[in-house]
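Enquirer: One predicted model, sequence on top.
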Amino acid sequence: MQDDLLKKIISHAKEYGFIFPSSDIYDGLSAVYDYAQNGVELKKNIREYWWRSMVHMNDNIVGIDAAIFMHPTTWKASGHVDAFNDPMIDNKDSKKRYRADNLIEDYLGKIEDKINKEVEKAAKRFGDSFDAAMYKSTNPRVLEYQQKYDAVNTRFNKAMNDNDMAEMKQIIEDCEIVCPLSGTRNWTEVRQFNLMFSTQVGSVSEDSSTIYLRPETAQGIFVNYLNVQKTGRMKIPFGIAQTGKAFRNEIVARQFIFRMREFEQMEMQFFVRPGTEMEWYEKWKETRLKWHTALGLGEENYRFHNHEKLAHYANAAADIEFKFPMGFKELEGIHSRTDFDLKQHEQFSGKKLQYFDPELNQNYVPYVVETSVGLDRLFLAVLSASYKEEKLEDGSERVVLNLPAPLAPVKVAVLPLMPKDGLDIKANEIFNTLRKHIYCVKDEKDAIGKRYRRQDAIGTPYCITVDHQSLEDNTVTIRYRDTMAQERVNVADLVNIVNDKCSLNSLL
Ligand code: ATP
């Protein structure tokens, strides 16, 4: 059913001009998408919400826009050349490619499901007196599952940490994992696959050298740390924010814009005094969750997932997960990255990247707390939480996007009841005044009900209808998207009414 929801959202996004497959006339390009006329507005508004709350609302955070191409040594220093890999495996019969770690994780997930089912069944049998922990530690069948789980999980974690691809293959064989498509166990070896796209810079092949499309925006911030700190006279703690494209050659790219090969990140690196990083880490976790929930998509749709297995550069990490149509998945990462990146860049560049702390009278390499959210994932979160199919009192149905008003692509549709008798001229007048304040459209075609539905489907919060009475007393009807209620208001009040709900200020 949830799969259905994702399918519906994909087709709605295409039908109503939010997202098209890239190069659609050539049947698209896997995991690459184009934002269409309404999508680009929604995406821009989300980016703007992030930028304003991150940069404009914080005295000690500034923004940059670094280039996508960077000196290739950047990616040596950051560890991406050597370690930004995923293990991949192919099934020789279906010719399908998988991430070996995902196959094993799915296998472990199935064992977990079996344990949970046993516990649920027992809970029903025993009623109120049921003690789940006790049952799990004594029931022979559950214990057997748990032992199996632990044995595979231990081997899996060790193989991943040791980069042992032969052992990964062995686990897949020992667990008798089959390809979901062909149902066979005819697998290739497991190989490490680097996720970075590379290309050549230089006009003649002899003096060209390999450079990468950045796989994250963060490194553009690290290499500019000193430039910004000095020219902005920034005092620690301070942050540098940036939004922009990142590229990853994802092995398995499914689930629409959740996992793309070209996507956009919104990242902020916060530089702090060593030893204070956990305090800031907690603070940013809280701040970022509040920022998300302010959108009103439902607090129950968010949860934290604290990482137990940490990346080599981190001393604490958590994801904010969102309940997508595919279930709870990572939306944003918050990482305490220690001084790993700056120290690596010091070493590889031979330049000092330190801060003189006047209070301590001491130089040090700052520690970093990072917040990193995918703009496209957030777009999908907003779209999927806002998509509603409603049955109306008169038996008809409508599809409406209950988008947070400040994010809606179009804020107001101005609709002359009919394009004659001077109604169109009056509508034009209103439209020309409003468009200076907010993005609005004018629509004259089709019956008024049909026009309302079109606006509902793209999430326009207000429709303004101009009728004969408007010519007499300078009033119009305003129709509210969510309730479909209508009221008569004075034209002179429109800007205030609309701005009140649609301005990003209401979220900040
Ligand atoms: P995942 O585990 O889902 O691959 P990640 O942990 O590799 O994600 P990070 O490197 O922490 O992701 O990147 C920060 C954010 O960038 C993620 O929280 C996500 O919102 C976004 N992101 C990462 N990879 C992609 C992608 N392929 N497509 C769209 N967004 C992405």
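Expert: Cool, got the structure.
Enquirer: So Asp319 belongs to a strand, correct?
Expert: Yes. Counting by DSSP: H, G, I helix; E, B strand; the rest coil, Asp319 is found in a strand.
Enquirer: Which strand residues bridge the residue of the chain found nearest the ligand?
Expert: Among the residues of the chain, Gly374 lies closest to the ligand, at 2.4 Å counting by C-beta to the nearest ligand atom. C-beta here means a position set from N, CA and C on the backbone, and glycine is covered the same way. When bridges are called by DSSP bridges, Gly374 pairs up with Gln265.
Enquirer: tally of neighbours for it?
Expert: Residues lying near Gly374 (other C-beta atoms under 10 Å) number 23.
Enquirer: need the contact list for it.
Expert: Phe263, Glu264, Gln265, Met266, Leu331, Glu332 (C-beta atoms under 8 Å, 6 or more residues apart in numbering).
Enquirer: Downstream of whichever helix or strand Gln344 is part of, the next helix or strand is which one?
Expert: Take DSSP states H and E as the rule and Gln344 turns out to sit in helix 340-349. Following helix 340-349 in sequence order, the next helix or strand is strand 355-357 (DSSP H and E).
Enquirer: Now tell me what touches that next one from outside.
Expert: Gln229, Ile236, Phe271, Arg273, Gln362, Asn363, Tyr364, Val365, Pro366.
Enquirer: okay, which residue is most central for this protein?
Expert: Arg377 (2.4 Å; C-alpha atoms, centre = their mean).
Enquirer: Leaving out sequence neighbours, find the closest residue to it.
Expert: Leu331 (5.4 Å; C-beta to C-beta, 6 or more residues apart in numbering).
Enquirer: Show me where the protein dips below the pLDDT cut-off.
Expert: Scanning the chain for pLDDT under 70 picks out 1-3, 204-208.
Enquirer: let's see 50
Expert: The model of the chain has no residue with pLDDT under 50.
Enquirer: Quick check: residues of it near the ligand?
Expert: 216, 248, 250, 259-260, 263, 265, 330-333, 372-374, 376-377 (C-beta under 6 Å from any ligand atom).
Enquirer: Which of these fall within helices?
Expert: Using DSSP state H, the subset of the residues of the chain next to the ligand located in helices is Asp376, Arg377.
Enquirer: Using neighbour counts, trim the residues of the chain next to the ligand to the buried set.
Expert: For the residues of the chain next to the ligand, a burial check counting by 16 or more other C-beta atoms under 10 Å picks out 216, 248, 250, 259-260, 263, 265, 330-333, 372-374, 376-377.
Enquirer: picking that back up, wait, which of the contacts of strand 355-357 is closest to Gln37?
Expert: Phe271 (39.3 Å; C-beta to C-beta).
Enquirer: quick one: the closest one is in a helix?
Expert: No. Phe271 is assigned strand when assessed by three-state DSSP, not a helix.
Enquirer: i'd like the first residue to be 16 from this point on
Expert: With the count now opening at 16, the last piece we talked about shows up as Phe286.
Enquirer: if I pick it, what's in contact with it?
Expert: Per C-beta under 8 Å, 6+ apart, neighbours of Phe286: Tyr240, Gln244, Ile251, Pro252, Phe253, Gly254, Ile255, Tyr370, Pro381, Tyr382, Val383.
Enquirer: list the contacts for the residue nearest to Arg392?
Expert: His307, Tyr317, Asp334, Ile335, Glu336, Phe337, Val388, Gly389, Arg392, Leu393, Ala396.
Enquirer: Just the buried residues of stretch 244-252, please?
Expert: Gln244, Met249, Ile251, Pro252.
Enquirer: For Ala309, give its distance to Glu127.
Expert: Applying C-beta to C-beta, to the nearest Å, the value for Ala309 to Glu127 is 34 Å.
Enquirer: correction: Asp97
Expert: According to C-beta to C-beta, Asp97 and Glu127 sit 33 Å apart.
Enquirer: Looking at the two now, which is surrounded by more residues?
Expert: Remark: of Asp97 and Glu127, Glu127 carries more neighbours, 13 against 10, as counted by other C-beta under 10 Å.
Enquirer: doesn't Lys163 make contact with that one?
Expert: No. Taking C-beta atoms under 8 Å as the definition, Glu127 is not a contact partner of Lys163, at 10.8 Å.
Enquirer: Can you identify each of the helices in the stretch 66-215 of the chain by residue range?
Expert: Along the stretch 66-215 of the chain, the segments classed as helices by DSSP state H, counting those that start in this stretch run 88-92, 95-98, 115-141, 147-153, 155-177, 180-189.
Enquirer: again with the stretch 366-515 of the chain
Expert: According to DSSP H, counting those that start in this stretch, the helices that the stretch 366-515 of the chain contains are 390-401, 438-449, 463-473, 483-488, 509-517.
Enquirer: Repeat that for the stretch 216-365 of the chain.
Expert: Using DSSP H, counting those that start in this stretch, helices in the stretch 216-365 of the chain cover 233-237, 240-246, 292-308, 355-364.
Enquirer: What lies in contact with the first one?
Expert: Residues outside helix 233-237 that contact it (C-beta under 8 Å, 6+ apart): 79, 81-82, 85, 89-90, 93, 229, 255, 257, 259, 282, 284, 356-357, 360, 383, 385, 387.
Enquirer: Only the buried members of those: can you turn that into a PyMOL selection?
Expert: A single PyMOL command selects the buried members of these (16+ other C-beta under 10 Å):
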select buried, resi 79+81+85+89+90+93+229+255+257+259+282+284+356+357+360+383+385+387
